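Peer 1: Please work out how this folds:
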Amino acid sequence: MLAYPEGYKWDEFGNLLSVPKDGPIDKENKETECLTRFCFQHNLTKNDGFYLVGDAPNPQPEFQRAIIEEVAKVTHIAPPDAAGNIIGEPIVQEGVIVYDAKSVGLCMGATNAHWATTTEVYPDSPRASDQQCNDAQVASVRGALTHVMRELSLKAEL
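Peer 2: The predicted model follows:
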């Protein structure tokens, strides 16, 4: 597990409270530190927990909800910050934000799939183990497949 760089202050949910502005970059935890500095510079919190990024032109809220419900059985869902945001974006439902996937280059924007999402979970969370992070990804696939099978079954009955 990655450790939070020294000198950073976090709340009980793992959200960033403060960061040393001119401290050296921690070479062993460069990815964590870069995200931390980006969040601080843009006045964002680094959310702790699992969340989804849906495609704004095709958000599929029931699909997203099915995934979040399944993941919540194995790990915590990222809470929004005080402004109701996750990584600076307003939540559209518990644990879900949206971007225009194609315009920002997210993987889910590479196709025109009807059901698509991006999963985010932080393995450096003080509240989740590596195994819980893996289990969250498995649960997200299970939730997605269950939703799609249910939707296809309903359409077949019509």
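
Peer 1: Tell me the first helix or strand C-terminal of the lowest-mean-pLDDT helix or strand in the chain.
Peer 2: None of the helices or strands of the chain scores lower by mean pLDDT, DSSP states H and E than helix 30-41, at a mean of 48. Counting by DSSP states H and E, the next helix or strand C-terminal to helix 30-41 is strand 51-55.

Peer 1: What ranges does this structure have for its helices?
Peer 2: In the chain, the segments counted as helices under DSSP state H are 30-41, 61-71, 101-104, 130-157.

Peer 1: How is this protein divided into domains?
Peer 2: 9-41, 51-157 (automatic domain parsing).

Peer 1: Mean neighbour count added to those domains, as TSV?
Peer 2: From N, CA and C alone the C-beta is placed, and that goes for glycine too. Below are the domains of the chain laid out as TSV (neighbours: other CB atoms under 10 Å):
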stretch	mean neighbour count
domain 9-41	14
domain 51-157	17
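
Peer 1: and the ones you listed, which one is worst for confidence?
Peer 2: Least confident of those, judged by mean pLDDT, is domain 9-41 with a mean of 50.

Peer 1: For stretch 52-67, measure first residue to last.
Peer 2: 9 Å (CA to CA, to the nearest Å).

Peer 1: ok, Gln64 touching Ile97?
Peer 2: No - using CB atoms under 8 Å, Gln64 is not in contact with Ile97; the gap is 9.9 Å.

Peer 1: Find residues that contact each of those two.
Peer 2: 52, 54 (CB atoms under 8 Å, 6 or more residues apart in numbering).

Peer 1: Ser125 reaches Asp48, doesn't it?
Peer 2: Yes - counting by CB under 8 Å, Asp48 is a contact partner of Ser125 at 5.0 Å.
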